[in-house]
Each structure stands twice: as structure tokens, then as C-alpha cells.
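A.B. asks: Fold the stuff below for me.
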Amino acid sequence: MRKRVLKSIVQIIPIFIVAGILSVISLYSDNHFIKELSDYSFLMVPPLLGGSIAKELSGSVGFIPGMILGYLSGVIGLGMFGGIFVGILLGYFINGLKKIEISIEMSSVMYIVLIPILSTLVVGLGMHYIFQEPMKYILDGLAQYLNSLDDKNNIFLNFVLGGLIGVDLGGPINKVAYVYATNTLVYNRGDVMGAIAVAISTPPLALGVSQFILKNRFSKTEREAGVISILLGILGITEGALLFLTRDITVLPTTVIGAAIGAAAATVLKVESMVPHGGMIILPLIDNKMGFLSALFIGVASTIFMLYFLKKGENNG
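C.D. replies: The predicted model follows:
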């Protein structure tokens, strides 16, 4: 199952690249339409993940329900992790429905009508009543906690925000921290966004670079994704580290702490940015460019240092 999920994630990586490059072009050109294209590209991630994973696990009959519920996961704030979750859930649910014995005459009705409707309805209701409200409660509570922090203690505030960026790598918790940072730009504060710009890039850059430094700690699939992860890190797309987290949960503490350290270092070095984006691609728009690069180096080095101790070696080359 894990290999099929990873395959689906790898297949949608071009969306992140397209969306990221379009986003950067819109920043430098101030073109609103290109920014919309970038936003629409990112919106496609949850439905495509849901549809692709459901199809991998249960066949073509799972694709449409996966697309529908993947889109729902994006709407209710679960993001790409919601897409992954509904894809897996649909895969198992549909495989269970397939075991029901029916006549040959009814098979077409079963696969074209009944399975898509039942799977979409049952899993969709489950998402709405079981996951949507608890997730909303958690995210609202997190936002309230961030608002309660003393913004005069910028080092601690940005340390927390950076850690949240590294928790789910582009998921709903990541977005809470990102939205908080972008909201500070309204008050002409670039200190928070400067720290977040570093945190956004730290996980994908660190995990990409670690493929060349800690080769024996990663599988062949992960090593092949290393260069792409570096590219996404440069573009400021935290999701570039998702492949590694999905494969091995022991990576999670390193992305959280590494991003937090990078954000704190950026605060100490007085890095500021008025651009709602991250990554080395926006370096020309950053105040204190050397500080930005230094903080990014500190965050990446910290992450790789932790990976050395936490990431076990692979036996599959």
C-alpha cells in the first residue's frame, strides 16, 4: 500500500513545480492572472491525490470518488493530507464493496453506479461528521494560541511558527502558520515573514541535500526524489519534503525542529521580507540577504544533523 501511495505522490510533483514557478513569476511581474493560475494549480493537489491513490488501491472505479472527496478535503481545510487520507480510505472501502457477490448482469451497474455513489456518500459523510469539526476546532485553537503569543518576543514566536511550518509540510497546520505570517504584512512587519520564508524552504532543502550526505539512510526511491526536493525547496514549496515524511515518520521531528531553528536564526539575524512566499527564489526581494542564507544554512544543517541520529539505514538500496 505504501508504495502505491508514494507512486501517487510522485506523479503529482509536477503540479507543485508548475504552481511554484507560476507563483514566483507572479511575484516578479505583479501579474494577478498568473497568481490565479498558481492558486488553481495548488487547489488541484488534494483531488488529484485522492483520485490517484484511490485508483491505485481499488482500480479505476475509485478515481472519481477520490477526486470528489479529495476536493472536499481541500475545501474543509484538510489539504493534501486529506487527499491522501480519503484516497486510502476509499481504496479499502471500495475493495470491501467489491467482495459482495453479484450476478454478471448487475456487475456494470455495481461498478458504474452503486460503488461510486456508496463510496462517495459513506466516506464523504464520515469526513463531514467525524473529521471536519474536530479539525476546525484544532485549527481555530491553534490560531488563537498564536494570537495570544507576545509578539514582542519575536524569537519565540517565530520559533513556534517555524515549527508549525514543518509539522505537516504544506498541510492545514502549516497553512495556519503561513496565514498568520502573511497577516503581519498588513502592518508592514517583515520580521515574521522573513523567518517563515526560511522555515518554508528548510525541510525540502535539508531532505534533498541529505540524499547526498547520508546516502545509506535512504531508499532508492527517496534518493531519486532528492534533486526534485532541492528544486522545490529553492522555489519555496514545503511539500517537496512530503515524500520522505510519508515513507518514514521518524523524519517528522527533524523537519519540525529544523524549520523552527531556521526561523529563530532568521529572527536573530534580523531577516525581513514583505513577500508572502519563501525559498531562495525570492532572495532578491529579501532584506539582509546574507542573513537569510545564513539562517537557511543553520536550519538545513540542524535538520541533517538530527537525521544522522534518527533516520535508520535502508536495506533496499
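A.B. asks: which one is the most centrally placed residue in the chain nearest to, not counting chain neighbours?
C.D. replies: Centroid check for the chain by C-alpha atoms, centre = their mean gives residue 170 as the closest residue, at 2.8 Å. Nearest residue to residue 170 in three dimensions, chain neighbours excluded: residue 239, at 3.9 Å (C-beta to C-beta, 6 or more residues apart in numbering). All C-beta atoms are positioned from the backbone trio N, CA, C, and that covers glycine.
A.B. asks: Report how many residues lie close to residue 102.
C.D. replies: For residue 102, the tally of surrounding residues (other C-beta atoms under 10 Å) stands at 12.
A.B. asks: Same question for residue 260.
C.D. replies: A count of neighbours around residue 260, defined by other C-beta under 10 Å, yields 25.
A.B. asks: Quick check: which element contains it?
C.D. replies: Counting by DSSP states H and E, the secondary-structure element that holds residue 260 is helix 252-268.
A.B. asks: low-confidence ranges in the stretch 101-250 of the chain?
C.D. replies: Counting by pLDDT under 70, the stretch 101-250 of the chain has low-confidence residues at 150-151.
A.B. asks: how about the helices in it?
C.D. replies: Chain-ordered helices for the stretch 101-250 of the chain, with DSSP state H, counting those that start in this stretch as the definition, fall at 104-109, 115-126, 133-148, 154-168, 172-184, 191-213, 220-224, 226-234, 242-247.
A.B. asks: For residue 56, find the nearest of the ones you listed.
C.D. replies: Residue 56 lies closest, by C-beta to C-beta, to one member of the helices of the stretch 101-250 of the chain: helix 242-247, at 13.4 Å.
A.B. asks: So which elements touch that closest one?
C.D. replies: In terms of contact count using 3 or more C-beta pairs under 8 Å, 6 or more residues apart in numbering; DSSP states H and E, helix 242-247 is assigned the packing partners helix 2-29, helix 220-224.
A.B. asks: Check the gap between the closest residue in space to residue 277 that isn't next to it in sequence and residue 136 for me.
C.D. replies: If you skip the residues right next to it in sequence, residue 277 has residue 236 as its closest partner in space, 5.2 Å away by C-beta to C-beta, 6+ apart. Using C-beta to C-beta, to the nearest Å, residue 236 is found at 27 Å from residue 136.
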